[in-house]
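A.B. asks: Got a sequence here, can you build the structure:
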Amino acid sequence: MSPEAPSSPRSLAEALRARDDASLAALLRGRPDLITPVPSDLTQLATRAGTRASVLRALERLDRFALQTAQALAVAPDPAPYDTLLGLLAGDDGDESVAAALPRTVAALREQALVWGEDDRLRLVRTARELLAPSAQHPSPTGLGPTVREATSGMSPGRMQEIVARAGLRSTHDSVSAVTALTALFTDREKMTELLDGAPEAAREVLSRLMWGPPYGQVTADPAAHLRWLLDRGLLLPTAPGTVVLPREVALHLRGGRAHRAPEPLPPAVEPSAVHSPQVVDATAAGQAFTALATVEELLKSWNQGGPAVLRAGGLSVRDLKRTAVALDLSEPVAAFWIELAYAAGLLASDGEADERYAPTPGYDTWLERPPAERWAHLAGTWLTATRTAGLIGGRDAKDRTLSALGPGLDRSAAPEVRHRVLTLLAGLPEGGAPSAEAVLARLSWERPLRGPQRDSTEDLRTRLARWTLTESESLGVTGRGALSAQGRALLGPVDAADDSGSATAPDLLSPAELATATAAAARLLAPLLPEPLDHVLLQADLTAVAPGPLRRPLADVLGVLADVESKGGATVYRFTPGSVRRALDAGQTAADLHAFLAEHSRTPVPQPLAYLIDDVARRHGHLRVGAASSYVRCDDDAVLNEILADKRAAALRLRRLAPTVLAAPCDPATLLEGLRSMGYAPAAESAEGDVLIARADAHRTPPRTAPEPVPDGPPPPDATLLTAAIRAIRAGDLAATAPRKSTGTELTGGELPRTSPADTLATLQAAVLTGDAVWIGYVNAEGAASQRVVAPVRVEGGFVTAYDHTADEVRTYALHRITGVAELAED
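C.D. replies: Reported below is the predicted structural model:
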């Protein structure tokens, strides 16, 4: 090394201190937990970067090759030269792909502060080594066992000398040199080959079985001859009674120097398994988007008068979910997805009443007034960023409780990242390209292997989230025929589709402002693909109306009250019934209004049966009046009331006559209305003043509700402003903590504040004003928090010192009585 070359850092703090601001910003951006809160200096930053929780979080975000590199460093000597690390990953025969990818991976691990040191002395942070190094309790994914030194730590000196002698080595004076000689033998390829050539065939078979792990095996008190041969030469070492282990050095020789059976320096390719025309993809996705809007509208219309009750523990009961699925003609998991999406979008919530029920929110009415493409964009943007995961419904939580729709426990902070990453992978394919689900899952597993399934377990959450993303994006219209649509591509915002390296850090999710821009762009692309709403229907003689496409909002609203939906598909069929016509009259329409409405919006003449139906129901509507006594019925025709009293079906209503034209009942008006309607009458509710009450279809709404906030996966990534301020504060704090001080005869330990008398403090500060020198002070603020600062005093008067604070990078005023002491900085 030349004299000008920088010496290798002695600690992680020194390595961080040697970084520039851009490198520190990359570290804090990739590990935002390190600046929550902002550390006081680089030493505290290094300490925080080495804590178990922070290291675990960082390891979970490594891709497979970066993790394999860290695992190789964990079984390498500490520190390890770069060439040793390359040998562990590429093997004795070398691997061009590994050699090409390793420099980038080591740089990424350095950036994440998991590895530090120059290439000749690479070190894995201590906590990561403890987590990744093999042990009997926690086997390493490499399948390697302990080193010879670790495995023989409790072996007697006599036994060590026996092993050395049987291995063909000279005897040594102590166990340490014996271990060194044995290790040198096992790492010498030629001598080990010569030794193993003389091994019995059965012994070589034992070694081949243990070679890739697990390295532990069982032996009897009187082992077979081939096992005894291995034990006598240290090729197997005892770790406990009846248990032996294959030393790490022996396993590496047998493997040809590889720490892993199959290093994976390159991510699995995501190739299209089918290619469709982009126009077909967009049209298919637009059709799904239209269906999605219709499904959400139908769901919320069915809950207009107050939906299912809220469970005591929160959420929707299984019975109500089944009932909703039947009403929507969907499977229960699909119905649960739409319910959760409407809730996440702020269109649905609990009403907060004593008899708490789910109902549409006022935001639903606002949403309905928007154009269809904008309504879809709102749903799609909500889905992309929501942490509530409908796929978990019906499963069990950690306390073995069933997870219910709209209930607690459905938030998964990894969901937005997985959705974004899956769609980004689709965006990297040619337009119209649809990959297989297995290819996408293999790529995601490579990118986050520590979040993958453990041995003998079912699929991990990340894999299930990816499967659900592929299904949900198709249902929502983000994809069509498995390929990303144009509106889905716009929903992601700017994407670097050429980046195929599998970043070791989480992808940057869209900020609220970026998401708003992306959803607006997606809406513009989708709008021309959606069918234009129609302003007419086709009336038929069998009391039905056919809507050959989507209807404009006022027409759809009125027709939805006047008729019942009989079938859906490319065209919607509505059926007129006495009950549906009465519903329109209850909503304030008159017979003349209904005739005019149908004549205006029908491309065919109004059929005579339909006109008769409207007139017949209108003639009887309101003939009876129901009010509150508990309830009463009044009618100008007492013969009608006589008919009601004589009807056996009215017995349950317990009616009694108060006057020739008035009947009273002990039940509430709503029950009396339903009872009379079930008997074939068409009563109308009236107010205390005798006016007819108009029942609006959208009368029940929750109070204003905000959509549920996504649950973040740890601290959010810092923005540029926060990063700049944090780095400046850390640098300044580090300057204060590490600035060399003149010797005062009393050495201060790390973090200890300087202590001087008030007279000395004042004299030193006044001298610094005259000379313009910076000094080091200890300061305790009004809250009692102590800190160290490097300041350049400008003025001392009135019990205060005004100085330029290098720590805060600004001019500040300090009370002299709060300064614990002052020390001059060394001239160098």
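
A.B. asks: from memory residue 713 sits against residue 411, does it?
C.D. replies: No: with contact defined as CB atoms under 8 Å, residue 713 does not count as touching residue 411 (10.3 Å). Every C-beta, even on glycine, is put in place using the N, C-alpha and C of the backbone.

A.B. asks: Could you list the low-pLDDT ranges of this structure?
C.D. replies: Low-confidence segments of the chain (pLDDT under 70): 1-7, 451-458, 495-508, 625, 627-629, 694-699, 736, 739-753, 807-809, 826-828.

A.B. asks: Where is the longest helix in it?
C.D. replies: helix 278-302 (DSSP state H).

A.B. asks: Tell me the buried residues in it?
C.D. replies: Using 16 or more other CB atoms under 10 Å as the test for burial, helix 278-302 gives 278, 281-282, 284-290, 292-293, 295-301.

A.B. asks: all helices in the stretch 501-650 of the chain, in order from the N-terminus.
C.D. replies: Secondary structure of the stretch 501-650 of the chain (DSSP state H, counting those that start in this stretch): helices at 512-526, 553-562, 578-586, 591-601, 608-620, 638-646.

A.B. asks: Which strands or helices does the fourth one pack on?
C.D. replies: Helix 591-601 makes packing contacts with helix 553-562, helix 578-586, helix 608-620 when contacts are defined by 3 or more CB pairs under 8 Å, 6 or more residues apart in numbering; DSSP states H and E.

A.B. asks: buried stuff in it?
C.D. replies: By 16+ other CB under 10 Å, the buried positions in helix 591-601 come out as 591, 594-595, 597-598, 601.

A.B. asks: now the second one
C.D. replies: Residues of helix 553-562 classed as buried by neighbour count (16+ other CB under 10 Å): 555-556, 558-562.

A.B. asks: which other helices and strands contact it?
C.D. replies: Secondary elements touching helix 553-562 (3+ CB pairs under 8 Å, 6+ apart): helix 578-586, helix 591-601.

A.B. asks: quick check: angle from the last one to helix 608-620?
C.D. replies: Orientation of helix 591-601 against helix 608-620 (axes from the mean of the first three to the mean of the last three CA atoms, to 10 degrees) gives an angle of 160 degrees.

A.B. asks: contact partners of helix 591-601?
C.D. replies: 535-537, 539, 555, 558-559, 562, 581, 584-585, 589, 606, 610-611, 614-615, 618 (CB atoms under 8 Å, 6 or more residues apart in numbering).

A.B. asks: try it again with 7 Å
C.D. replies: Under the contact criterion CB atoms under 7 Å, 6 or more residues apart in numbering, helix 591-601 has outside partners 535-537, 539, 555, 558, 562, 584, 606, 611, 614-615, 618.

A.B. asks: Find the nearest non-adjacent residue to residue 692, please.
C.D. replies: Sequence neighbours aside, residue 684 is the residue nearest to residue 692 in space, at 5.1 Å (criterion: CB to CB, 6 or more residues apart in numbering).

A.B. asks: from what I can see that neighbour touches residue 620, true?
C.D. replies: No: Residue 684 lies out of contact with residue 620 (CB atoms under 7 Å); the separation is 10.1 Å.

A.B. asks: and the gap between residue 356 and residue 346?
C.D. replies: Distance of residue 356 to residue 346, given as CB to CB, to the nearest Å: 18 Å.

A.B. asks: who's more crowded, these two?
C.D. replies: A count of neighbours by other CB atoms under 10 Å puts residue 346 above the other of residue 356 and residue 346, at 20 against 15.

A.B. asks: who's in contact with that one?
C.D. replies: Going by CB under 7 Å, 6+ apart, residue 346 touches 361, 363, 705-707.

A.B. asks: How about residue 475?
C.D. replies: Listed by CB under 7 Å, 6+ apart, the contact set of residue 475 reads 288, 292, 334.

A.B. asks: so which strand or helix has residue 26?
C.D. replies: In the assignment (DSSP states H and E), residue 26 maps to helix 21-30.

A.B. asks: Show me what that helix is packed up against.
C.D. replies: Secondary-structure packing of helix 21-30 (3 or more CB pairs under 7 Å, 6 or more residues apart in numbering; DSSP states H and E): helix 96-111, helix 720-738.

A.B. asks: Just send the helices and strands packed on helix 553-562 back as CSV, with distance to residue 253 too.
C.D. replies: Below are those laid out as CSV (distance: least, CB to CB, whole Å):
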stretch, distance to residue 253
helix 578-586, 84
helix 591-601, 86
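
A.B. asks: So which of those helices is nearest residue 528?
C.D. replies: Smallest distance to residue 528 across those (CB to CB): 25.4 Å, for helix 591-601.

A.B. asks: picking that back up, can I get the helix holding residue 26 in PDB, CA atoms only?
C.D. replies: Extracted as PDB, the C-alpha positions of helix 21-30 are listed here (Å, rounded to 0.1, in the frame of the first residue of the first chain):
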ATOM      1  CA  ASP A  21     -22.800  13.100   2.300                       C
ATOM      2  CA  ALA A  22     -24.200  11.300  -0.800                       C
ATOM      3  CA  SER A  23     -23.100   7.900   0.700                       C
ATOM      4  CA  LEU A  24     -24.600   8.800   4.100                       C
ATOM      5  CA  ALA A  25     -27.800   9.900   2.400                       C
ATOM      6  CA  ALA A  26     -28.000   6.500   0.500                       C
ATOM      7  CA  LEU A  27     -27.600   4.700   3.900                       C
ATOM      8  CA  LEU A  28     -30.300   6.700   5.600                       C
ATOM      9  CA  ARG A  29     -32.600   6.400   2.700                       C
ATOM     10  CA  GLY A  30     -32.200   2.600   2.600                       C
END
